[in-house]
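Enquirer: need a 3D model of the following:
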Amino acid sequence: MSLHDPAAREIRLAIVGVGNCASSLVQGIAHYQNGGANEQIGLLHWDLGGYRPKDIKVVAAWDVDRRKVGRDVAEAIFERPNCTATFCDHVPLSGAKVQMGRILDGWSEHMADMPPDRTFLLGDAAEPDKDEVVGLLRETGADVMVNYLPVGSQRATEFYAECALDAGVAFVNNIPVFIASNPDWAKRFEQAGVPLIGDDIKAQLGATIVHRVLTDLFRKRGVKLDRTYQLNTGGNTDFLNMLNRARLVSKKISKTEAVQSVAEHRLEDENIHIGPSDYVAWQNDNKVCFLRMEGQLFGGVPMNLELRLSVEDSPNSAGVAIDLIRCARLARDRGIGGPIHPAAAAFCKHPPRQMTDDQAFEALEAFIRGA
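Expert: I've put the predicted structure just below:
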């Protein structure tokens, strides 16, 4: 295929989990189809290594909700229980129909007690085996697979990571299940020459990045950080799923380490609390973060900072996802396998190598330039 052929610049995308985050991503791809760099409001990069948002084409998707299975992705993203903002009036049909996915641990049983419009209605179609998923990835010519399964979906994430590995498709892990930051998985992707980026997407301007920047500011300005908390509430299926505290182990590690890694000194466990706090149904996809930091200024004089951040959760991550997808394709073009450290450090809470945000930004820009 010639590089002058428009199809050569396509990024053929497979999506696992057609929830709120996928809805914002697909809406965003449509929203940024036209215009130029002057219309890039909300994007981190308009052009990334020669790829623009309009180059991303959804070719495959999996979900376990019967309201979505069998529908075109462009239609499925607006089905319940999705509740994120609709910011794109017209999302063209993709031609890709949502396939029934593997359930495994991708669903928490406590959600069965919730009203149908708030939770999943599990499909009764046959679940695919690995050969079927790998076959569809190959048939559609997928370049990148992005994982949007619910928090705590360890076995389900590993199933799709195996499929991506077998099919030679770059894997972007947006959830706090440790794949890229697991040395065994990282080695397997590296040996196979398949790009891997993760773990746990860091939103554009969300609780984690704000908390990190302020923690780094304390360090740079000589303020001793004594203790801190980050409390989050929301009303989407992510927060509903996380009412099952057993699914939160890796999530709490991911969010806590993202802050600890930029602190001047690690805080004792009793002095740092970061994690989802409660499900408030009427908030829908709006996420509210309450942040408090206590420290000491010159002379040991105490100070404290309190912040309230309110964001629409899924669009807040979609622009970052667009960059992650393009970085994965760029790595694939360059024949780079295994963890893509600059992209992971810049865009993920729990990358294989933590960096300060300044360092990660510089490393990312160098990667994009090919330096």
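Enquirer: what about the strands in the stretch 51-200 of the chain?
Expert: Shown for the stretch 51-200 of the chain, the strands assigned by DSSP state E, counting those that start in this stretch span residues 56-63, 98-100, 144-147, 170-173, 195-197.
Enquirer: looking at those strands, which is buried most?
Expert: strand 195-197 (a mean of 31; mean count of other C-beta atoms under 10 Å). All C-beta spots, glycine's among them, are computed from the backbone N, C-alpha and C.
Enquirer: immediately after that strand, which helix or strand?
Expert: With elements assigned by DSSP states H and E, the helix or strand that comes after strand 195-197 is helix 207-220.
Enquirer: so what strands line up beside the helix or strand following that next one?
Expert: Of the helices and strands lying after helix 207-220 in sequence (DSSP H and E), the nearest is strand 224-234. As defined by DSSP bridges, the strand partners of strand 224-234 come to strand 272-279 (parallel), strand 286-296 (antiparallel).
Enquirer: show residues contacting whichever helix or strand comes after strand 224-234.
Expert: On the C-terminal side of strand 224-234, the closest following helix or strand by DSSP H and E is helix 237-241. Helix 237-241 is contacted from outside by 19-20, 81, 83, 108, 111, 114, 118-120, 150-152, 232-233, 247, 276, 278-280, 287, 313, using C-beta atoms under 8 Å, 6 or more residues apart in numbering.
Enquirer: who are the packing partners of the helix or strand just after helix 237-241?
Expert: Once helix 237-241 ends, the next helix or strand along the chain (criterion: DSSP H and E) is helix 249-260. Secondary-structure packing of helix 249-260 (3 or more C-beta pairs under 8 Å, 6 or more residues apart in numbering; DSSP states H and E): helix 207-220, strand 224-234, strand 272-279.
Enquirer: could I get the strands paired with strand 224-234 as a markdown table with mean pLDDT?
Expert: Formatted as a markdown table, the strands paired with strand 224-234 follow (pLDDT from 0 to 100):
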| stretch | mean pLDDT |
| --- | --- |
| strand 272-279 | 92 |
| strand 286-296 | 98 |
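Enquirer: so for residue 302, which of those strands sits nearest?
Expert: Closest of the strands paired with strand 224-234 to residue 302 is strand 286-296, at 5.9 Å (criterion: C-beta to C-beta).
Enquirer: can you flag the buried ones in the contacts of helix 237-241?
Expert: In these, burial by neighbour count holds for 19-20, 81, 83, 108, 111, 114, 118-120, 150-152, 232-233, 247, 276, 279, 287, 313, counting by 16 or more other C-beta atoms under 10 Å.
Enquirer: returning to that earlier point: what's the closest of the strands of the stretch 51-200 of the chain to residue 354?
Expert: Closest to residue 354 of the strands of the stretch 51-200 of the chain is strand 195-197 (C-beta to C-beta; 14.7 Å).
Enquirer: OK, contacts around residue 233?
Expert: Per C-beta under 8 Å, 6+ apart, neighbours of residue 233: 239, 276-280, 283, 287-288.
Enquirer: then residue 326?
Expert: By C-beta under 8 Å, 6+ apart, the contact set of residue 326 is 11, 45, 48-49, 51, 55-56.
Enquirer: poorly predicted segments of the stretch 1-150 of the chain, please.
Expert: Residue ranges of the stretch 1-150 of the chain with pLDDT under 70: 1-8, 35-39.
Enquirer: which residues in it form helices?
Expert: Secondary structure of the stretch 1-150 of the chain (DSSP state H, counting those that start in this stretch): helices at 20-31, 73-76, 130-140.
Enquirer: hang on, the earlier thing: got JSON lines for the strands of the stretch 51-200 of the chain, with distance to residue 293 too?
Expert: Putting these into JSON lines (distance: least, C-beta to C-beta, whole Å) gives the following:
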{"stretch": "strand 56-63", "distance to residue 293": "38"}
{"stretch": "strand 98-100", "distance to residue 293": "43"}
{"stretch": "strand 144-147", "distance to residue 293": "32"}
{"stretch": "strand 170-173", "distance to residue 293": "29"}
{"stretch": "strand 195-197", "distance to residue 293": "30"}
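Enquirer: which one of those strands lies nearest to residue 128?
Expert: Across these, closest to residue 128 is strand 98-100 (C-beta to C-beta), at 6.7 Å.
Enquirer: which helices and strands sit right next to that closest one?
Expert: Going by 3+ C-beta pairs under 8 Å, 6+ apart, strand 98-100 lies up against strand 56-63.
Enquirer: strands paired with the strand it packs on, and their directions?
Expert: Strand pairing for strand 56-63, determined by DSSP bridges: strand 11-16 (parallel), strand 98-100 (parallel).
Enquirer: ok, which of those comes nearest residue 164?
Expert: Of all the strands paired with strand 56-63, strand 11-16 sits nearest to residue 164, with 8.1 Å by C-beta to C-beta.
Enquirer: list of residues touching that closest one?
Expert: Strand 11-16 is contacted by residues 22, 25-26, 51, 55-62, 73, 101, 136-137, 140-149, 160, 169, 325-326, 329 when judged by C-beta under 8 Å, 6+ apart.
Enquirer: mind doing that once more with 7 Å?
Expert: Defining contact as C-beta atoms under 7 Å, 6 or more residues apart in numbering, one finds that strand 11-16 is touched by 22, 51, 55-62, 101, 137, 140-149, 160, 169, 325-326, 329.
Enquirer: show me what counts as buried in that strand.
Expert: Quick answer for strand 11-16 (16+ other C-beta under 10 Å): 11-16.
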